[in-house]
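K.L.:
sequence first, then the predicted structure:
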Amino acid sequence: MAGAAHHKILIVGGGAAGITVAASLKRRGTADIAIIEPNDTHYYQPAFTLVGAGVYDLARTHRSTDSLVPPGVARIKAKASKFDPSNNTVELSTGDKLTYDYLVVCTGLKLDWAKVDGLAEALGHDGVCSNYSSEHVTYTWDCIKALKPGDKTVFTQPPLPFKCPGAPQKIVYLTIDNLRRRGIRDKVDVAYYVHAPVIFGVPFFARHLAKIAEDRGVRIFYQHNLVAIDAKAKAAIFEIAGGDKQGQRISVPYDMLHVSPPQSPPEEIKSSPLANAAGWVEVNQNSMQHVRYANIFSLGDVASTPNSKTAAAVRKQSPVVVRNILRLMRGDAVESGYDGYASCPLTTAHGKAIIAEFIYGGKVTPTLPVLDPGKQRWLSWWIKTSFLPMLYWNYMLKGYEWFPKHNTAFKEPAA
Ligand SMILES: Cc1cc2nc3c(=O)[nH]c(=O)nc-3n(C[C@H](O)[C@H](O)[C@H](O)COP(=O)(O)OP(=O)(O)OC[C@H]3O[C@@H](n4cnc5c(N)ncnc54)[C@H](O)[C@@H]3O)c2cc1C
């Protein structure tokens, strides 16, 4: 296209996936890579749970985007606003157009605060908090510290898909642990309203987590969807999502309301030829290659693959994307290297966690199979709070790929 700048590899989004893919391609000697990324701040979102629970400083969760873009990779500070894959062209929010040989789409997903009436206005004050918001995550900790005997806490889990399937419940357990340490656990009500009919999508971990929730006295309400907040009355309005009362609404009073918001594909993806019917970038679930455009790949939260949307999934998807782009450049066929791996470290108390690792079909695949994956351990807490952040900043985002293989032959211990 006349006048449009061209790059051999164009990456849309400089989050966990975009930086990892760029660094890995660069490490393998690939030239002429550009990343389109509008934001100057890059967050390590998995630590938001720890910030909300008062065990991690927000300052440790972010770095400047420019400091993470690998040397020799161009950063284009703009948003991709239109995709024209038939002409290998991306239009930017600035009006400029870029062309490419290979396109990697990793814009992440959209947090739909507006889908819950009154949420955007209520967030960040009078007890309404969310670990999903970098702007308001520290307010979760303010809310927890302010809890006193007689208070009612309400936590929500939105309809799938949403990023990090464990995040909405991790903060439930960490709040309870704080109340226990302060000697007021039995004086504060903890209620967890979950859209799904189960506490977690993988049955093995769901059994363990349901038991933990029961032991901690969490009142769980399945198939309840947060639809509105009446901030004046301090009431959360839920719509019942299944059973005899489907469609009915109930009003639940709160002193602290932790919201995990509904989530969806970004509008510019949804309205593009790249999207599937649900709006996600339509790729093969094993090769990460677009099903209609062979020179386009997607990974991370925006990809249509039915894995749990996590940074851990990105860590295993990125080498597949990188290898497949290099294969196409050599004229080889793509390979099917991604098995749906995701990992979710569920913090069940300060100093305790369960690391849920699994692949497509909900098969449990621990990296350390000698340890029963259903057990709460200090080691798993250390992995979540110390090892994984280090791995993210110094290894994954630097384009290093080797990691011990998760064990696909693992046999789940009997319930
Ligand atoms: C509270 C919370 C807890 C979590 N806990 C865990 C956990 O314990 N373990 C785990 O593995 N994962 C966890 N995650 C999920 C993890 O952070 C995401 O899955 C991961 O960041 C996905 O990477 P991504 O690159 O797809 O998206 P992101 O990292 O969100 O990056 C997307 C990037 O694309 C950019 N972008 C958006 N639109 C455009 C556009 N049109 N043009 C150009 N750029 C664009 C954005 O600015 C952003 O920088 C958690 C997330 C949250 C919020």
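P.N.:
Thanks, I have the structure now.
K.L.:
my guess is F205 contacts E357, does it?
P.N.:
No - with contacts counted by C-beta atoms under 8 Å, F205 stays clear of E357, the gap being 9.5 Å. Backbone N, C-alpha and C define where each C-beta goes, glycine included.
K.L.:
what do these two both touch?
P.N.:
V364, P373 (C-beta atoms under 8 Å, 6 or more residues apart in numbering).
K.L.:
how long is stretch 83-101 from one end to the other?
P.N.:
Distance between the two ends of stretch 83-101: 14 Å, counting by C-alpha to C-alpha, to the nearest Å.
K.L.:
does the ligand have contacts with that stretch?
P.N.:
No - using C-beta under 6 Å from any ligand atom, stretch 83-101 stays clear of the ligand, coming no nearer than 7.7 Å.
K.L.:
distance between that stretch and the chain's centre?
P.N.:
Stretch 83-101 has its C-alpha centroid displaced from the chain centroid by 27 Å (C-alpha atoms, centre = their mean, to the nearest Å).
K.L.:
residues near the residue of the stretch 1-150 of the chain found nearest the ligand, how many?
P.N.:
Of all residues in the stretch 1-150 of the chain, G15 sits closest to the ligand, at 1.7 Å by C-beta to the nearest ligand atom. Residues near G15, counting by other C-beta atoms under 10 Å, number 23.
K.L.:
show the contacting residues for it.
P.N.:
Applying C-beta under 8 Å, 6+ apart, we find G15 in contact with E37, H42, C106, T107, G108, G300.
K.L.:
same question for V69.
P.N.:
So V69 contacts G14, I19, A22, I35, E37, R75 (C-beta under 8 Å, 6+ apart).
K.L.:
flag the shaky bits of the chain, pLDDT-wise.
P.N.:
For the chain, the stretches with pLDDT under 70 are 1-3, 415.
K.L.:
which parts of it sit against the ligand?
P.N.:
Counting by C-beta under 6 Å from any ligand atom, the positions of the chain adjacent to the ligand are 12-18, 36-39, 45-46, 48-49, 79-80, 106-108, 131-132, 163-164, 167, 266, 268, 300-302, 309-312, 314, 343-345.
K.L.:
can you turn the buried part of those into a PyMOL selection?
P.N.:
Burial among those is assessed by 16 or more other C-beta atoms under 10 Å; the matching PyMOL selection reads:
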select buried, resi 12+13+14+15+16+17+18+36+37+45+46+48+49+79+80+106+107+108+131+132+163+164+167+266+268+300+301+302+309+310+311+312+314+343+344+345
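K.L.:
next step: the residues of the chain next to the ligand restricted to strands.
P.N.:
Members of the residues of the chain next to the ligand lying in strands (criterion: DSSP state E): V12, I36, A80, S343, C344, P345.
K.L.:
closest to W141 among those?
P.N.:
P345 (19.1 Å; C-beta to C-beta).
K.L.:
quickly list what the closest one is bridged to.
P.N.:
Per DSSP bridges, the residues bridged to P345 are I355.
K.L.:
next one: the residue nearest the centre of the chain from K316, what distance?
P.N.:
Nearest to the mean C-alpha position of the chain, by C-alpha atoms, centre = their mean, lies K163 at 3.0 Å. Relative to K316, K163 is positioned 16 Å away (C-beta to C-beta, to the nearest Å).
K.L.:
check D57 too.
P.N.:
Applying C-beta to C-beta to D57 and K316 gives a distance of 29 Å.
K.L.:
what is the burial count for H7?
P.N.:
By other C-beta under 10 Å, 22 other residues sit near H7.
K.L.:
L103 in helix, strand or coil?
P.N.:
Classification of L103 using DSSP: H, G, I helix; E, B strand; the rest coil returns strand.
K.L.:
specify the beta-bridge partners of it.
P.N.:
Note on L103: beta-bridge partners by DSSP bridges are L10, I296.
K.L.:
all helices for this protein, in order.
P.N.:
Using DSSP state H, the helices assigned to the chain run over residues 16-27, 48-52, 65-68, 119-122, 137-146, 167-181, 203-215, 267-270, 311-330, 378-382, 388-391.
K.L.:
so which elements touch the last one?
P.N.:
Read it as helix 388-391. Helices and strands touching helix 388-391, by 3 or more C-beta pairs under 8 Å, 6 or more residues apart in numbering; DSSP states H and E: there are none.
K.L.:
outline the domain layout of the chain.
P.N.:
Residue ranges for the domains of the chain, per automatic domain parsing: 5-110+264-330, 113-261, 342-396.
K.L.:
so what's the closest residue to P197 other than its chain neighbours bridging to?
P.N.:
Distances taken as C-beta to C-beta, 6 or more residues apart in numbering place Y222 nearest to P197, at 5.0 Å, with adjacent residues excluded. Under DSSP bridges, the beta-bridge partners of Y222 are V194.
K.L.:
OK, contacts around Y222?
P.N.:
Counting by C-beta under 8 Å, 6+ apart, Y222 touches V194, A196, P197, V198, I199, G242.
K.L.:
neighbour count and distance to W113 added to these, as CSV?
P.N.:
Below are the contacts of Y222 laid out as CSV (neighbours: other C-beta atoms under 10 Å; distance: C-beta to C-beta, whole Å):
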residue, neighbour count, distance to W113
V194, 23, 19
A196, 19, 21
P197, 10, 25
V198, 15, 25
I199, 23, 24
G242, 14, 24
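K.L.:
so which of these are in strands?
P.N.:
V194.
K.L.:
for the contacts of Y222, which one is nearest T367?
P.N.:
Nearest to T367 among the contacts of Y222, counting by C-beta to C-beta, is I199 at 23.1 Å.
K.L.:
list the contacts for the closest one?
P.N.:
Counted by C-beta under 8 Å, 6+ apart, I199 has contacts Q169, A206, L209, A210, A213, I220, Y222.
K.L.:
next one: the third one relative to the ligand, how far apart?
P.N.:
Distance of L209 to the ligand, computed by C-beta to the nearest ligand atom, to the nearest Å: 14 Å.
K.L.:
give the buried subset of the contacts of I199 as a PyMOL selection command.
P.N.:
Selecting only the buried entries of the contacts of I199 in PyMOL, with 16+ other C-beta under 10 Å as the criterion:
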select buried, resi 169+206+209+213+220+222
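K.L.:
closest to the ligand out of the contacts of I199?
P.N.:
When those are compared against the ligand (criterion: C-beta to the nearest ligand atom), the nearest one is Q169, at 11.2 Å.
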